[in-house]
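[1] Would you be able to build a 3D model of this:
(2 chains)
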Number of protein chains: 2
Amino acid sequence: MLQLIGKSIIGFARGASNGGAFHGVEPSTGAELEPAYFSATAEEVDAAAQLAKNAFASYSRVPGKDKAALLRKIAENIEQLGDALVTRATQETGLPAMRIKTESARTCYQLRLFAALAEEGSWIDARIDRADPNRTPLRKPDVRSIWRPLGPVVVFCASNFPLAFSVAGGDTASALAAGNPVIVKAHHAHPGTAELVGMAVSDAVRSCDLPAGVFSLIYGPGSEVGVQLVKHPLIKAGGFTGSRAGGQALMKVAAARPEPIPFYAEMSSVNPVFILPSALHARTEEIARGLHGSVTLGAGQFCTNPGMVFIPDAGSEELIERLRELMAATSSFTMLTPAISSAYRRGTGALQQNSGVETIAHVKSEAGNCSAGAALLVSDAESFLKDATLSAEVFGPSTLLIKYSNRDDLLKIARSLEGQLTATIHASEEELMSCDELIPILETKAGRLVFNGFPTGVEVGHAMVHGGPFPATSDGRSTSVGTRAALRFVRPVCYQDFADSALPEELKEGNPLGIWRMVDGEMTKE
Amino acid sequence: MLQLIGKSIIGFARGASNGGAFHGVEPSTGAELEPAYFSATAEEVDAAAQLAKNAFASYSRVPGKDKAALLRKIAENIEQLGDALVTRATQETGLPAMRIKTESARTCYQLRLFAALAEEGSWIDARIDRADPNRTPLRKPDVRSIWRPLGPVVVFCASNFPLAFSVAGGDTASALAAGNPVIVKAHHAHPGTAELVGMAVSDAVRSCDLPAGVFSLIYGPGSEVGVQLVKHPLIKAGGFTGSRAGGQALMKVAAARPEPIPFYAEMSSVNPVFILPSALHARTEEIARGLHGSVTLGAGQFCTNPGMVFIPDAGSEELIERLRELMAATSSFTMLTPAISSAYRRGTGALQQNSGVETIAHVKSEAGNCSAGAALLVSDAESFLKDATLSAEVFGPSTLLIKYSNRDDLLKIARSLEGQLTATIHASEEELMSCDELIPILETKAGRLVFNGFPTGVEVGHAMVHGGPFPATSDGRSTSVGTRAALRFVRPVCYQDFADSALPEELKEGNPLGIWRMVDGEMTKE
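    Next up is the predicted model:
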């Protein structure tokens, strides 16, 4: 088994142990876990950036199949961590072993999906506009273009997905698939999990004969190391999953650089659920069970946790009662960190003290400072529309039901929402067609619209959009899940009148890679 | 002929005449042109934004063929302006009639290219990942996604392209093709040209039965109206072509909004040209003529004007002498505005006073405060590398030759460059292959690499990239010319488990529009 040593991974070397030290903590007991972790020094951060810059020169030009081999090797190495990874991750996060196992499988599936994307190659959007020497008054030149990688990318790990949105998660997989070296900033809440996965990635880079700087993993529990990375002139983009405050602070740093860089922060979302009358009446039990499951899954620690549910005023008693029963019967949870669980207590406390909100169920927390009990609250459209605090994210196993009396209320509520990752509609098909203003409004508010389902569970595929207008993310033009995520880390480059021998393989006349290309406006594999 | 009245176009209405007044000016004489133009008031700007927001609800959902009809009608209306447009534009800009005619043709070609894109429809990147009800442990949902428009876009006109990068230029055409209403901020240097084209656009919107707010044209000569537009909460993106100072100021405004928005500024570029020894010796005369033409075209008032040319120290005497002859024999030019010509005089003056620079030719300016004489200056690699002022943009008909003594110098210079729109290499094919480090460096510096040609002349097509890393543009991930420009104004939206009837046409099971789609990862028109 791999030995944890508590030091940053700087290319193929390990960091020093003269920075500040911190420990992973077992959320259920508060016990510190060995070993101590050492923050990277400013010199180490700079060394990682220099290595990444050097690696970019070659890694940005390796064939898709070699990037695919790296991504597959990373997945293999993670799988080989086996129980060691499950044990450490459950210790550090309090998440159950089964969750860690499925998240690990999801992470490896994701790495292999990006491997297939890089290997197949058509994602690069090759376009060829052929020359016309006879055009007047001026000869038409030969112009060819593809996406090219941006340069070293810094990735910030999320606390709530120790694998799928952490060291070898979607940001890292998509940045590597697109040809960018990655420097990961570990999350202080699961440093050992990060180290295990970090070693798996670093070993894969080495065994694929790629340059050391393709991957580094940096420790630093506060904001200092992260800010240094985002400010570093050799860093060309960033990816982040976390809090709104943290994301916005780093967005500002990225925008204020002498050379501003793209910074993709996935920050906060309350994921509205709209339940229309005939769906409510036809499927009360199904909706109650589905909602309860979605709200309490993983102690509600999902970006897609449904935090506000709009229900018809008339005839919703049965749904509320059923939800009350389910929530009240839910055991208390262990959250990821003391900070997250105290924020959850503050958030639910503020709602409970709000005069426009009634508490339907609130499970008592158990002892331990990461404990959290599920909460069900109810309010009405009028209160919701006049009090912005009711639409703030409460990260954890609670949800706020909001009663509306008519369709106008519902549309007014939809228009009032901030940007979201998801918006969900429960309706009969006829009801949906007759409420044809709702979808156009929600399209402007969220990246993913869910019909008669629940927002938790983000499928990893080609069509997925896990993104949304600000403040759900820093940049609503992007997704952090699915193969479109690779497009965050590229820019178009075109080659005019180039000799065939000097063109990238993807653009050579004979299409040696056999990829889909747009030639004079037509898609072809010729 | 259309009557100019000097007022903003707010949807189908015209602005008031109580704002500050200014006039178009004939650059060659300094004479004021009638009528007076009135700045929009804050209320008018707000009214245009509200109209655009209202129009978005329907315009964002019109079929591609209707957007195509609008774009084609705009082109037709511009063509019908005929001589009136040529006369006014030449008066306001000092550009020759032939240039205005070819720019007008380019503008109409561009509108029709985006019309074809919108009508054909595959640009929308439809992706379908089908459901798998039998997947364990969890059913796989049906997920489908497309690009959706962002919302009202503000477009800032450029001074140097009164048609192709102004009211109905590339930013407007691409934003409209993608389904976004547009509010154009006119450039004060050609208000009458803007009004003529603005009426052509507004009439097209009306005759296509589209809502008034699809298009507005706003006057305001200083920065106040522009800043108000970029700050307006209903504006969701911006496009700009102009100076680095102006672009950076607006970038900051866009990033500092409570809801930051994408802002695409195309700002400054010096467009390095690298001439390798065997190309120099084989084609001295061709390179001299080509460079002279590219430097002086349109009085050098192009973003792609080659402002620095790296030539071998050994054997470049003949090229320098030939360029000196050509430049010295060049008549003086009338530039677009007094501000541009005085900036040109300042820029060339500073270079001439630089101890590392020698003046080879400098044509005397004629009388008139928009006059400018072509200038040819020479320096060396050592001076260039130690003095950043030598790589600053001088907008106008001048260029700086920089002698290098060896390949290391050349690579060092390439690495030292800021982001550029273009980089050009003159070399034999063998020379290019043997200098295989140069292309990878230049790919990170510029959006378009030109081989054995000249950077002026930006082809409008599918493969073109007119963009580049900061500070060439605010966002190197984009292009402002070519069909990829439409991707600046969209975001992905996905639909999970939607009823077929509720899906956008592009995503319905039967592919009613017959577009290319990615279905379970495979491109198909089925």
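[2] Find the residue ranges of chain A scoring beneath the pLDDT cut-off.
    A:1 (pLDDT under 70).
[3] so where's the longest helix in it?
    What stands out as the longest helix in chain A, according to DSSP state H, is helix A:64-93.
[4] does any part of that helix sit near chain B?
    No - Helix A:64-93 is not in contact with chain B by CB under 8 Å from any CB of the partner chain; minimum separation 14.4 Å. (Each C-beta comes from the backbone N, C-alpha and C, glycine too.)
[5] How far away from the center of its chain is that helix?
    Taking CA atoms, centre = their mean, to the nearest Å, one finds the center of helix A:64-93 at 18 Å from the center of the full chain.
[6] following that helix, which helix or strand comes up?
    helix A:97-120 (DSSP states H and E).
[7] got the angle for that following helix vs helix A:64-93?
    170 degrees (axes from the mean of the first three to the mean of the last three CA atoms, to 10 degrees).
[8] tell me which strands and helices helix A:97-120 is in contact with?
    Here helix A:97-120 touches helix A:64-93, helix A:170-177, going by 3 or more CB pairs under 8 Å, 6 or more residues apart in numbering or on different chains; DSSP states H and E.
[9] Do I have it right that A:Pro262 meets B:Ser478?
    No - with contact defined as CB atoms under 8 Å, A:Pro262 does not count as touching B:Ser478 (10.6 Å).
[10] okay, now the domains of chain A?
    Following the assignment in automatic domain parsing, chain A carries domains at A:9-267+A:479-488, A:273-451.
[11] Please tabulate those domains in CSV and include mean neighbour count as additional columns.
    Conversion of the domains of chain A to CSV gives the following (neighbours: other CB atoms under 10 Å in any protein chain shown):
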stretch, mean neighbour count
domain A:9-267+A:479-488, 22
domain A:273-451, 19
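[12] could the helices and strands packed on helix A:97-120 go into JSON lines alongside distance to A:Gly315?
    Converted to JSON lines, the helices and strands packed on helix A:97-120 look like this (distance: least, CB to CB, whole Å):
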{"stretch": "helix A:64-93", "distance to A:Gly315": "41"}
{"stretch": "helix A:170-177", "distance to A:Gly315": "41"}
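[13] So which of those helices is nearest B:Leu438?
    Of all those, it is helix A:64-93 that lies closest to B:Leu438, at 23.0 Å by CB to CB.
[14] Against which helices or strands is the closest one packed?
    Checked by 3+ CB pairs under 8 Å, 6+ apart, helix A:64-93 has strand A:21-25, helix A:97-120, helix A:170-177, helix A:191-207 packed alongside it.
[15] which residues are contacting the shortest one?
    Strand A:21-25 has contacts (CB atoms under 8 Å, 6 or more residues apart in numbering or on different chains) with A:6, A:31-39, A:91-92, A:188-192, A:221, A:337.
[16] Just want the angle from that strand to helix A:64-93.
    80 degrees.
[17] Work out the sheet partners of strand A:21-25 and label each with its direction, please.
    strand A:32-38 (antiparallel) (DSSP bridges).
[18] The partner strand to helix A:191-207, inter-axis angle?
    Using the same axes, to 10 degrees, strand A:32-38 lies at 50 degrees relative to helix A:191-207.
[19] Give me the next element, helix or strand, following strand A:32-38.
    Next element after strand A:32-38 (DSSP H and E): helix A:42-59.
[20] Would you mind listing what in the stretch 301-450 of chain A touches chain B?
    A:419, A:429, A:432-433, A:439-440, A:443-444, A:446-450.
[21] Pick out the most distant pair among those residues.
    For these, with distances taken as CB to CB, the pair at the greatest spread is A:Gly419 and A:Glu429 (27.2 Å).
[22] so A:Asp203 makes contact with A:Asn77?
    Yes - under the criterion of CB under 8 Å, A:Asp203 makes contact with A:Asn77 at 5.7 Å.
[23] Helices along the stretch 351-500 of chain A, start to end?
    Residue ranges of the helices in the stretch 351-500 of chain A, as given by DSSP state H, counting those that start in this stretch, are A:381-386, A:407-416, A:429-434, A:438-443.
[24] would JSON lines of the ones you listed with distance to B:Ile100 be doable?
    Formatted as JSON lines, the helices of the stretch 351-500 of chain A follow (distance: least, CB to CB, whole Å):
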{"stretch": "helix A:381-386", "distance to B:Ile100": "53"}
{"stretch": "helix A:407-416", "distance to B:Ile100": "45"}
{"stretch": "helix A:429-434", "distance to B:Ile100": "51"}
{"stretch": "helix A:438-443", "distance to B:Ile100": "41"}
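[25] now the nearest residue to A:Glu76 once chain neighbours are set aside: how far from chain B?
    Sequence neighbours aside, A:Ala204 is the residue nearest to A:Glu76 in space, at 7.7 Å (criterion: CB to CB, 6 or more residues apart in numbering or on different chains). Distance of A:Ala204 to chain B, computed by CB to the nearest CB, to the nearest Å: 24 Å.
[26] Contact partners for A:Ala204?
    Neighbouring residues of A:Ala204 by CB under 8 Å, 6+ apart: A:Leu70, A:Lys73, A:Ile74, A:Glu76, A:Asn77.
[27] mind redoing it with 6 Å?
    A:Leu70, A:Lys73, A:Ile74, A:Asn77 (CB atoms under 6 Å, 6 or more residues apart in numbering or on different chains).
[28] Can you tell me which of the residues you listed is closest to chain B?
    A:Leu70 (19.6 Å; CB to the nearest CB).
[29] which ones are touching the spatially closest residue to that closest one that is not a sequence neighbour?
    If the residues on either side of it in the chain are set aside, A:Leu70 comes closest to A:Cys208, at 4.8 Å by CB to CB, 6+ apart. Going by CB under 6 Å, 6+ apart, A:Cys208 touches A:Ala69, A:Leu70, A:Lys73.
[30] now these in TSV, with distance to A:Gly293?
    Conversion of the contacts of A:Cys208 to TSV gives the following (distance: CB to CB, whole Å):
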residue	distance to A:Gly293
A:Ala69	39
A:Leu70	37
A:Lys73	36
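[31] Correct me if wrong: A:Gly151 contacts A:Lys236.
    Yes - between A:Gly151 and A:Lys236 there is a contact at 3.2 Å, judged by CB atoms under 6 Å.
[32] Phi and psi next, for A:Ser294.
    Note on A:Ser294: backbone dihedrals following degrees, to the nearest 10 are phi -70, psi -40.
[33] And it, how far from A:Ile287?
    10 Å (CB to CB, to the nearest Å).
[34] And A:Asn511, by the same measure?
    Counting by CB to CB, the separation of A:Asn511 from A:Ile287 is 51 Å.
[35] got it, and A:Ile100?
    Distance from A:Ile100 to A:Ile287, by CB to CB: 30 Å.
[36] Then A:Glu393?
    Applying CB to CB to A:Glu393 and A:Ile287 gives a distance of 22 Å.
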